[in-house]
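Peer 1: what's the 3D shape of this:
(one chain, ligands or ions: 1)
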Amino acid sequence: MKTLMRTVREWSCMRAPGRARLCPTISAAARAALSAGFIAAAIAPAAAAGVSVENPWLRFIIASRPAAGYFTLHNDTGTAIELTGASSTACGMLMLHQTKEVNGVEKMLPVKSVAVPAHGTVSFAPGGYHLMCVSPGAAVAQGRSVPIVLKFSDGKTVTADFPVKGPGNAGK
Ligand SMILES: [Cu+2]
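Peer 2: Model prediction:
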């Protein structure tokens with residue numbers, strides 16, 4: 001899933017298996033037409049920002065508890081960038097959190113931003129950085145996917161689809 005957000009071409013092939021043979025030669029205009037408008041809109045900014053999202057998933061327990069978002073962020077540019085926030089209509093408030101051990105107790109602390117070095121990678125994973133989907137709505141249900149917008153210090157955004165999985169899932 002590393003290349004999930006890399007190119008529109010691969011996304012189109014994944015989402016339209018019956019058309020896979022057309023993908024290598026299909027024109028940009030035709031690709032856009034084949035993709036649902038939402039998918040095209042979601043993917044285009046990913047390439048523009050030079051940032052890609054690998055293996056996104058949301059750990060859902062029950063609707064009355066916050067769900068945690070995990071992924072790996074790749075900065076494919078030669079300039080350091082900061083993730084400064086996230087939003088999703090499915091989550092109510094969406095926060096950047098970091099799990100830390102404080103005096104022997106695991107706590108979740110809000111973080112203002114997370115730096116991704118030039119050509120570097122940052123993992124959001126259980127026990128560390130995560131997105132906190134504070135008030136999961138009805139759209140957050142196992143087997144569905146939730147689009148989450150990631151906001152960066154250069155003003156650009158990247159939208160990724162986060163599949164919703166149960167608490168026992170390792171996210172692979
Ligand atoms: Cu949290």
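
Peer 1: contacts and neighbour counts: CA atoms only from here.
Peer 2: Fine.

Peer 1: interface residues of the protein facing the ion?
Peer 2: Counting by C-alpha under 5 Å from the ion, the chain comes close to the ion at H97, M132.

Peer 1: can I see the domain layout of the chain?
Peer 2: 8-49, 51-165 (automatic domain parsing).

Peer 1: list the contacts for the residue lying closest to S145 once chain neighbours are set aside?
Peer 2: In space, and not counting its chain neighbours, S145 is closest to P163: 4.0 Å by C-alpha to C-alpha, 6 or more residues apart in numbering. Taking C-alpha atoms under 8 Å, 6 or more residues apart in numbering, we find P163 in contact with P56, W57, L58, Q142, G143, R144, S145, V146.

Peer 1: on that earlier part again, got the domains of the chain as a markdown table, with mean pLDDT columns?
Peer 2: Rendered in a markdown table, the data for the domains of the chain read as follows (pLDDT from 0 to 100):
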| stretch | mean pLDDT |
| --- | --- |
| domain 8-49 | 40 |
| domain 51-165 | 95 |
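
Peer 1: Point out the most buried one among those.
Peer 2: Most buried of the domains of the chain, by mean neighbour count (mean count of other C-alpha atoms under 10 Å): domain 51-165, with a mean of 18.

Peer 1: Look at it and report the distance between its end residues.
Peer 2: The first and last residues of domain 51-165 sit 24 Å apart, counting by C-alpha to C-alpha, to the nearest Å.

Peer 1: Next: stretch 132-144.
Peer 2: 18 Å.

Peer 1: Each with direction, which strands does the host helix or strand of E82 pair with?
Peer 2: Per DSSP states H and E: E82 is located in strand 81-87. Sheet pairing of strand 81-87 (DSSP bridges) gives strand 114-116 (antiparallel), strand 145-152 (antiparallel).
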